[in-house]
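A.B. asks: Next one to model:
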Amino acid sequence: MLNYFPKYFSNKAIAGSLIALALCSLFFTRAVLPLHWIIFAIVEVSGFFFFFNNLSASWTQVSSASFKRKLFHTSLFIRITWVVFSYFFYIQMTGEPFEFDSADSSMYHQAGSNIVVYGFQDYFTQSWGLSLSDKGFPFYLSLFYFIFGDHVLIPRLFNALLGAWTVVLVYRLAGRNFGEATGRLAGIMMMLMPNLIYYCGIHLKETLMV
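C.D. replies: Numbers count the residues shown, from 1 in each chain. Here you go, the predicted model:
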């Protein structure tokens, strides 16, 4: 049983994804991705599998405490880097610090800002266009806005902290149930998972819920 992800499989996964991307672009030329999304796709998949192989092999001999520190600090660095980059990327591409077609993100941000302006009194008794299940997250955002103003970077940076902490929790949970080697693989996969990194940089509740 291996306690790391072999280079053989990582190389095959990267090659397979590149071939699939090329074939989709070839056969569906009218729906081919814009160049910047192709670059994102290549970086995400190649980065995930390359570093999964590299880190799972190079971190096998470190102690549990050292591994936990490396996992948290690396996860935090990756997520903060993405939060800052995506902030300026969205401004450049959309004219505002929100993702493309940011219906829910913009709504949550506006609702959180409204709480700061109008107070809590009517928020949970009136709809404000929000369903009950959507009212908790703007309340959460408003706590940041009360302290720091309604700048979107602050809750996203806190998302990065929560995301990095979640990675450590997954490592501990998987390690407790399935052994140290499995826990380490699960933690590294969680650290590198593109979707989980992506959600740290937008105004949605997925990072907090996870």
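
A.B. asks: who touches Thr74 in this structure?
C.D. replies: Applying Cβ atoms under 8 Å, 6 or more residues apart in numbering to Thr74 gives the contacts Leu55, Met191. Every C-beta, even on glycine, is put in place using the N, C-alpha and C of the backbone.

A.B. asks: how far away is it from Ile188?
C.D. replies: Using Cβ to Cβ, to the nearest Å, one gets 9 Å for the distance from Thr74 to Ile188.

A.B. asks: do Thr81 as well
C.D. replies: According to Cβ to Cβ, Thr81 and Ile188 sit 17 Å apart.

A.B. asks: go on, Asp101?
C.D. replies: According to Cβ to Cβ, Asp101 and Ile188 sit 32 Å apart.

A.B. asks: can you list the weak-confidence ranges in the chain?
C.D. replies: Counting by pLDDT under 70, the ranges of the chain that qualify are 124-129.

A.B. asks: the helices in it, which residues?
C.D. replies: When secondary structure is read from DSSP state H, the chain shows helices at 7-27, 35-58, 64-94, 103-118, 136-148, 153-178, 180-192, 194-200, 206-209.

A.B. asks: could you redo those as a markdown table and give each row distance to Leu130?
C.D. replies: What follows is the helices of the chain, written out as a markdown table (distance: least, Cβ to Cβ, whole Å):
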| stretch | distance to Leu130 |
| --- | --- |
| helix 7-27 | 38 |
| helix 35-58 | 31 |
| helix 64-94 | 23 |
| helix 103-118 | 6 |
| helix 136-148 | 7 |
| helix 153-178 | 17 |
| helix 180-192 | 31 |
| helix 194-200 | 20 |
| helix 206-209 | 16 |
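
A.B. asks: That's all I had, so thanks and see you.
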